[in-house]
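A.B. asks: Here is the input, now give the coordinates:
(one chain, ligands or ions: 2)
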Amino acid sequence: MLGRVNHVAIAVPDLAAAAESYRSMLGANVTEPQALPEHGVTVVFVTLPNTKVELLEPLGEASPIAAFLAKNPAGGMHHICYEVADIIAARDRLKEAGARVLGDGTPKIGAHGKPVLFLHPKDFQGTLIELEEV
Ligand SMILES: CC[C@@H](C(=O)O)C(=O)SCCNC(=O)CCNC(=O)[C@H](O)C(C)(C)COP(=O)(O)OP(=O)(O)OC[C@H]1O[C@@H](n2cnc3c(N)ncnc32)[C@H](O)[C@@H]1OP(=O)(O)O
Ligand SMILES: [Co+2]
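C.D. replies: Ligands and ions are numbered 1, 2, ... in the order given. The predicted structure is shown next:
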């Protein structure tokens, strides 16, 4: 069911500072900020030869990453995104297997304009999983 790792996400308290650190300290190519109010985050992507790193900061009062940053004020690894060919089939198989699909189970459009879903970290070794249909 799983394809490539599409991205690994790092939640940060200050997106501009994090992006600058990746550019100046790590010599990385970093995209411009993308505000995604429907996800409650602003993101940039660090483009790499084999995958991407998503740096994200909270956007708005109800950001789903606010509690994470309250627990991890310096930031930290937030989620891993796997690609799937059919996100509805993946969702239904996971629900059948007893995994918790977050939200109402309807995929949202993510940062790449593709449908995404999230799986509860407690069902996957303490790791928040995002699925992106490609
Ligand atoms: C940019 C768009 C898109 C893309 O295209 O790439 C994105 O990536 S958007 C990214 C932001 N959106 C989301 O993360 C949506 C899914 N997340 C959620 O629904 C919530 O964050 C959550 C996973 C349900 C957690 O919500 P929270 O308010 O933090 O609830 P709790 O504090 O009760 O947490 C429950 C439990 O889970 C632990 N936790 C929370 N976040 C993570 C995490 N990222 N990784 C691992 N564990 C996490 C938290 O510590 C609690 O554990 P206990 O304290 O042991 O109960
Ligand atoms: Co993501």
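A.B. asks: going forward, measure contacts between C-alpha atoms and count neighbours the same way
C.D. replies: Noted.
A.B. asks: How about the residues of the protein by ligand 1?
C.D. replies: 39, 64-65, 67-68, 78-79, 102, 110-111, 118, 120-121, 126-128 (CA under 6 Å from any ligand atom).
A.B. asks: Next, give me the two most distant ones among these.
C.D. replies: Farthest pair in the residues of the chain next to ligand 1 (CA to CA) is Ala111 and Gly126. Separation: 23.4 Å.
A.B. asks: now stretch 66-85: how far from the chain's centre is it?
C.D. replies: Taking the mean of its C-alpha atoms, stretch 66-85 sits 7 Å from the chain's own mean (CA atoms, centre = their mean, to the nearest Å).
A.B. asks: Please name the residues that touch His73.
C.D. replies: In this structure residue 73 is Pro, not His. Applying CA atoms under 8 Å, 6 or more residues apart in numbering to Pro73 gives the contacts Pro13.
A.B. asks: Renumber starting at 623 from here on
C.D. replies: With the count now opening at 623, the last piece we talked about shows up as Pro695.
A.B. asks: Pro635 reaches Ala696, doesn't it?
C.D. replies: Yes: contact criterion CA atoms under 8 Å: Pro635 and Ala696 qualify, at 6.6 Å.
A.B. asks: Between Ala733 and Gly748, which is the more surrounded one?
C.D. replies: The neighbour count for Ala733 versus Gly748, taken as other CA atoms under 10 Å, is higher for Ala733 (18 against 10).
A.B. asks: Spell out the residue ranges of the strands in the chain.
C.D. replies: Using DSSP state E, the strands of the chain run over residues 627-633, 651-652, 656-658, 663-669, 674-680, 698-706, 730-731, 737-741, 750-755.
A.B. asks: Mind checking the ones you listed for the one nearest to Asp714?
C.D. replies: For Asp714, the closest of the strands of the chain is strand 737-741, at 11.6 Å, according to CA to CA.
A.B. asks: and the closest one with strand 698-706, angle?
C.D. replies: Angle between the axes of strand 737-741 and strand 698-706 is 120 degrees (criterion: axes from the mean of the first three to the mean of the last three CA atoms, to 10 degrees).
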